[in-house]
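**Student:** Quick one, fold the following:
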Amino acid sequence: KEAIVSKLFAIEEMAGMDVLCADKTGTITQNKITVGDINPLELFKENDVLLFATLASREEDQDPIDDSILARVKKIGDIAETLNSYKKVEFAPFDPVSKRAVATIESKDGKTFKVAKGAPQAILSLVMNKEATALKTEEMVNALALKGYRPLGVARTDDSETWQYAGLIGLYDPPREDSAETIKTAQSMGAKVKMVTGDHTAIAKEIARQVNLGTNIMPASSFIDKPDREAGRIVEEADGFAQVFPEHKYHIVELLQSRGHIVGMTGDGVNDAPALKHADIGVAMGITGTEVTKEASDMVLSDDNFATIVK
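**Tutor:** Numbering: from 1, shown residues only. Purely as a prediction, here's the structure:
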């Protein structure tokens, strides 16, 4: 009886949900990432950037970004041959908190260096000359955003173990074909859809524009340190949130609930579990989601498709 009552309660809350916070990548978009532009910095070349990004990737992880980089490299014979000259000594896969993956590489001559790839701001935090580099990378990020590309920063250490920003790779993950229509349907049923992403604000705005969501996308920094009343207003009025860490999701749910909303939230990572549990309707991804996330949620999507929630 308790199980039946719990399920009925979840269904009732789903029917009353008036705000749905949905992850961008893999939920609103296809999660079919391809490499677009490659923009090197300083003395580096395009092939250097792609090489370092490849060394900071791992095929067995079946990560969509890693797969897109490795697929691009396979088309370039020179880089594929060069990879045989290097050996991975250590590898730390992408961490949602630090927002980067890091590997220690050993060359044939016995020298070691590190490579990293991740969110542009996360890679920027590694380098010494941040101010000058920030101006250059920001220009590149904005140029990529105009194309709807998601920027991936790439860096390596030199002989003195100082990090150098090698360049940016533009990744493109197109919206699902039915996302725009699904959002329109959800809105007609009284549920406001808010996009949530860790991507740069400019990228989130471009994807939001493509699916007719609205482009009032706010970075997490715009509300995270504000008094609850002001933060609640910002979150309520926003069409979505960018540069979001997993712990910010919990605060978004909390603020919306404080404004009287019945809130749905999607997620797939272990760090998403608290937000999904606190949401009125927590929605876990069945394909990419962790077991911890699924256990914390009220609904598990077997197809990871945003349209399924609305149906």
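**Student:** Roughly how far does A208 sit from N216?
**Tutor:** Distance of A208 to N216, given as C-beta to C-beta, to the nearest Å: 9 Å. All C-beta atoms are positioned from the backbone trio N, CA, C, and that covers glycine.
**Student:** So for the two, which sits in the more crowded spot?
**Tutor:** Neighbours per residue (other C-beta atoms under 10 Å) separate A208 from N216, with A208 holding more: 25 against 13.
**Student:** related to what we said a few turns ago, what's the overlap in contacts for A208 and N216?
**Tutor:** Overlap of the contact sets of A208 and N216 (by C-beta atoms under 8 Å, 6 or more residues apart in numbering) consists of D239, G240.
**Student:** wait, what's in contact with the residue nearest the centre of the chain?
**Tutor:** In the chain, the centroid-proximal residue (C-alpha atoms, centre = their mean) is G198; its distance is 4.2 Å. Taking C-beta under 8 Å, 6+ apart, we find G198 in contact with P96, K99, A119, A242, Q243, V244, F245.
**Student:** quick one: secondary structure of it?
**Tutor:** coil (DSSP: H, G, I helix; E, B strand; the rest coil).
**Student:** What distance do you get for it to A119?
**Tutor:** Applying C-beta to C-beta to G198 and A119 gives a distance of 7 Å.
**Student:** Same check on K311?
**Tutor:** Distance from K311 to A119, by C-beta to C-beta: 33 Å.
**Student:** Neighbour count for the two, which is higher?
**Tutor:** A count of neighbours by other C-beta under 10 Å puts A119 above the other of K311 and A119, at 20 against 7.
**Student:** still on that earlier bit, farthest pair within the contacts of G198?
**Tutor:** Taking C-beta to C-beta, the two most distant members of the contacts of G198 are P96 and A242; they sit 14.9 Å apart.
**Student:** K294 contacts A284, doesn't it?
**Tutor:** Yes. The criterion here is C-beta atoms under 8 Å, and K294 meets it with A284 at 4.5 Å.
**Student:** Looking at those two, which one has more neighbours?
**Tutor:** Applying other C-beta under 10 Å to K294 and A284 shows that A284 carries more neighbours, namely 27 against 19.
**Student:** Pairing partners for the strand or helix carrying the more buried one, with directions?
**Tutor:** Using DSSP states H and E, A284 sits within strand 281-285. The pairing partners recorded for strand 281-285 under DSSP bridges are strand 263-267 (parallel), strand 299-301 (parallel).
**Student:** what does the shortest one contact?
**Tutor:** The reference is to strand 299-301. 10, 14, 266, 281-287, 289, 294, 308-309.
**Student:** With distance to G232 and pLDDT as added columns, please give those in CSV.
**Tutor:** Listed next are the contacts of strand 299-301 as CSV, based on distance: C-beta to C-beta, whole Å; pLDDT from 0 to 100:
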residue, distance to G232, pLDDT
A10, 25, 60
M14, 23, 71
T266, 21, 93
I281, 20, 94
G282, 20, 94
V283, 22, 94
A284, 26, 93
M285, 27, 90
G286, 32, 89
I287, 33, 87
G289, 28, 85
K294, 29, 93
T308, 29, 90
I309, 24, 88
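**Student:** By neighbour count, which of those residues wins?
**Tutor:** T266 (31 neighbours).
**Student:** From A242, how far out is it?
**Tutor:** 16 Å.
**Student:** With that, I have no additional questions.
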